[in-house]
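In: Take this sequence and fold it.
(one chain, ligands or ions: 1)
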Amino acid sequence: MPMQSPPATLVVAYHGGRGHTAALAAAVVTGAETVPDVEVREVRVDEMTVAQWRNLDESTAIVFGAPTYMGTASAAFHTFAEASSRRQFVRRWQDKLAAGFTNSGAKAGDKSGTLGYFATLAAQHGMTWINLGLPAGWNKSSGSEFDVNRLGFFAGAAAQSNVDEGPAAVHQADLATAQHLGRRVGEHARVVVAGRQALAVREELTR
Ligand SMILES: Cc1cc2nc3c(=O)[nH]c(=O)nc-3n(C[C@H](O)[C@H](O)[C@H](O)COP(=O)(O)O)c2cc1C
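Out: As a prediction, this is how the structure comes out:
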């Protein structure tokens, strides 16, 4: 008889400055919500409560997000990351899945610094990094700025928003890329939960 796995839980933990990164966070949530058996939450890392820390502690996957400021994640995100060291000391986030997304004003804008920082944070916690899993878009004559992964990042989802426009102008290709990341992490989280449960049952049966 097929076994019902408990739901996986995915938390999008982000700092949004003027709203562009928040729009991307919403897109990650939308993508993750398309995956069955995955519960999705969003927390703003500059407004953490005890309950939200608990959400992170109990999650299967955490997707980190922040605007790129001065070539790295925003200071508010770094404050959250430093606060997470209490979890790191006791390996509380060990073996969770992790991924990341960022927005910047320039097309490149040193966003790799931010995505690389997220991956390092994940590694310090012993988390497993999920990359974007998409080829580069907009890199051939038949391509366009509306290609998914139009900016050609691989470590995570990267977006560019003009500094003189509001969050409503976040590029639709970047929103689609963020949705893809949410779906991808959700799918991996679901597999991890189902796999762990199957292993536990097998070990129980062979005891
Ligand atoms: C303090 C500060 C530093 C910034 N540094 C960068 C940068 O290094 N690279 C870049 O392309 N844009 C930079 N920007 C532009 C922001 O990345 C961009 O406005 C931001 O991602 C918008 O997202 P938000 O609305 O979530 O803040 C910077 C903006 C600020 C305020």
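In: Determine which residue lies closest to the centroid of the protein.
Out: The C-alpha lying nearest the average C-alpha coordinate of the chain belongs to Val63 (CA atoms, centre = their mean; 2.4 Å).
In: what is it paired to in the beta sheet?
Out: Val12, Ala99 (DSSP bridges).
In: if I look at it, how far off is Asp174?
Out: 15 Å (CB to CB, to the nearest Å). All C-beta atoms are positioned from the backbone trio N, CA, C, and that covers glycine.
In: again, but for Lys111
Out: Distance, Lys111 to Asp174, by CB to CB: 11 Å.
In: and the longest helix belonging to the chain, does that touch the ligand?
Out: Looking across the chain with DSSP state H, the single longest helix is helix 172-205. No: Helix 172-205 lies out of reach of the ligand by CB under 6 Å from any ligand atom, never closer than 11.1 Å.
In: Determine the set of other helices and strands touching that helix.
Out: Packing contacts for helix 172-205, counted by 3 or more CB pairs under 8 Å, 6 or more residues apart in numbering; DSSP states H and E, involve strand 8-14, helix 20-32, strand 38-44, strand 61-69, strand 97-104, strand 157-160.
In: mind listing what's buried in that helix?
Out: Within helix 172-205, the residues scored as buried using 16 or more other CB atoms under 10 Å are 173-190, 192-194.
In: returning to that earlier point: gap between the residue nearest to the centre of the chain and the ligand?
Out: Distance of Val63 to the ligand, given as CB to the nearest ligand atom, to the nearest Å: 15 Å.
In: Likewise for Val40?
Out: From Val40 to the ligand the distance is 20 Å (CB to the nearest ligand atom).
In: before we move on, what about Glu33?
Out: For Glu33, the distance to the ligand - CB to the nearest ligand atom - is 21 Å.
In: give me the number of residues near that residue?
Out: Using other CB atoms under 10 Å, Glu33 is surrounded by 16 other residues.
In: Next up, the contacts around it.
Out: 40, 182, 186 (CB atoms under 8 Å, 6 or more residues apart in numbering).
In: so what pLDDT did the second one get?
Out: Same thing as Gly182. On pLDDT, Gly182 comes in at 99.
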